[in-house]
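Student: I need the structure of the sequence given here:
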Amino acid sequence: MLIRENMELLERTYLSPFAALSQNSRGRDREETPCDIRPVFQRDRDRILHCKSFRRLKHKTQVFLTPRGDHYRTRLTHTLEVSQNARTIAKALRLNEDLVEAIALGHDLGHTPFGHAGEHMLNEICEGGFRHNEQSVRIVEKLEKGGRGLNLTWEVRDGMMNHQTRLMPSTMEGKIVRLSDKIAYINHDIDDAIRGRVLSEKDIPAEYREILGDMFVVSKGMDGCLFAYADETWKEFEAKLAALPLVDKDARDFARFFLSGAQYVTVDKQGRILVPQELRDFAGLEKDVVLSGLGSRIEIWNLEKWNEINGEMDINKIAEGMKKMGLTI
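Tutor: Model (predicted):
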């Protein structure tokens, strides 16, 4: 019996019924002679690890552009942290560690320099738009090895394509990487923000921290601001969105708007937070921000936008609108 066949037997014997077994892979676009030593997912991991696109991750921005110091994360160190998180979870759940590692190492191969800001810029200027998860798959299918690609298995490519919050991988291993990505960047982006002194305790009023707790959800909001919800309040809102009729396009668009960019954010011991880059870009948050309590949520505004919105408000029209809705002060 070959070493690979022994390892496949171990998978069948030990792994969970929910695990993706190497021998049951949906295969590659081009058939290949199996390796005598490595199962297919382990072979994919090695191909990703040794490809040029993986090495280029070391010079790509995670969050901070040209930071002073060697201790800030890059896209490469982020990828390694995602892999570590995902492998730990997979081992505990008896899922396929090789598949998890391959997806984790490859999930951001297509990311741009300059973080999400680079992705947003390419999305504006490229015909048909640009999304880094699609570029990751394009790299391993068409660009690496002089246009031949890496010829990875379907399961690895599916996990790479669907690692973002708005998408869902087909395998349990892919779903683990999807969550591990969030665990990694929420923690290390906060750590880097503390090091870079992006936010301090005085930026978040104590009464708001009491409302939101140590973890809350930030989503896209109306009029170009961000909405922040306490975890319990967000779950209630999320349930209402889930109850909207799927056959109604406006309902689908409304749910996508709020859910696609929603992110959990944690408060460190000094009361500081790091708003994810894609949400900062949406709201134009650069330096001066305004926090405004509004019922069950808090709004986060770019200062200039806040002043512009307040300057456009007509209190008489607002009062008339309230009257039509049956609201009185």
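
Student: next helix or strand past the helix or strand of the chain with the lowest mean pLDDT?
Tutor: Within the chain, confidence by mean pLDDT, DSSP states H and E is lowest for helix 206-212 among all helices and strands, at a mean of 56. Sequence order places strand 215-220 as the next helix or strand after helix 206-212, per DSSP states H and E.

Student: low-confidence ranges in the stretch 51-200 of the chain?
Tutor: 65-68, 194-195, 197-200 (pLDDT under 70).

Student: Helices of that one, start to end?
Tutor: For the stretch 51-200 of the chain, helices defined by DSSP state H, counting those that start in this stretch occupy the ranges 52-55, 75-93, 97-106, 115-125, 132-138, 154-161, 172-196.

Student: chain center to the shortest one: distance?
Tutor: Here helix 52-55 is found 21 Å from its chain centre; the criterion is CA atoms, centre = their mean, to the nearest Å.

Student: circling back to that earlier point, most tightly surrounded among the helices of the stretch 51-200 of the chain?
Tutor: Most buried of the helices of the stretch 51-200 of the chain, by mean neighbour count (mean count of other CB atoms under 10 Å): helix 97-106, with a mean of 29. C-beta coordinates here come from the backbone N, C-alpha and C atoms, glycine included.

Student: mind listing what the residue nearest to Glu97 when sequence neighbours are not counted touches?
Tutor: Counting by CB to CB, 6 or more residues apart in numbering, Glu97 lies nearest to Ala90, which is 4.9 Å off, once chain neighbours are set aside. Residues in contact with Ala90 (CB atoms under 8 Å, 6 or more residues apart in numbering) are Asn96, Glu97, Val100, Glu173, Ile176.

Student: wouldn't the last one be in contact with Ile89 here?
Tutor: In other words, Ile176. Yes: assessed by CB atoms under 8 Å, Ile176 is found in contact with Ile89 at 5.1 Å.

Student: Common neighbours of these two, please.
Tutor: Residues within reach of Ile176 and of Ile89 at once, by CB under 8 Å, 6+ apart, are Leu95, Val100.

Student: shouldn't Ala20 be in contact with Thr171?
Tutor: Yes: using CB under 8 Å, Ala20 makes contact with Thr171 at a distance of 4.6 Å.

Student: hang on, the earlier thing: would you convert the helices of the stretch 51-200 of the chain into JSON lines that also reports distance to Gly147?
Tutor: Formatted as JSON lines, the helices of the stretch 51-200 of the chain follow (distance: least, CB to CB, whole Å):
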{"stretch": "helix 52-55", "distance to Gly147": "13"}
{"stretch": "helix 75-93", "distance to Gly147": "24"}
{"stretch": "helix 97-106", "distance to Gly147": "18"}
{"stretch": "helix 115-125", "distance to Gly147": "21"}
{"stretch": "helix 132-138", "distance to Gly147": "11"}
{"stretch": "helix 154-161", "distance to Gly147": "17"}
{"stretch": "helix 172-196", "distance to Gly147": "26"}
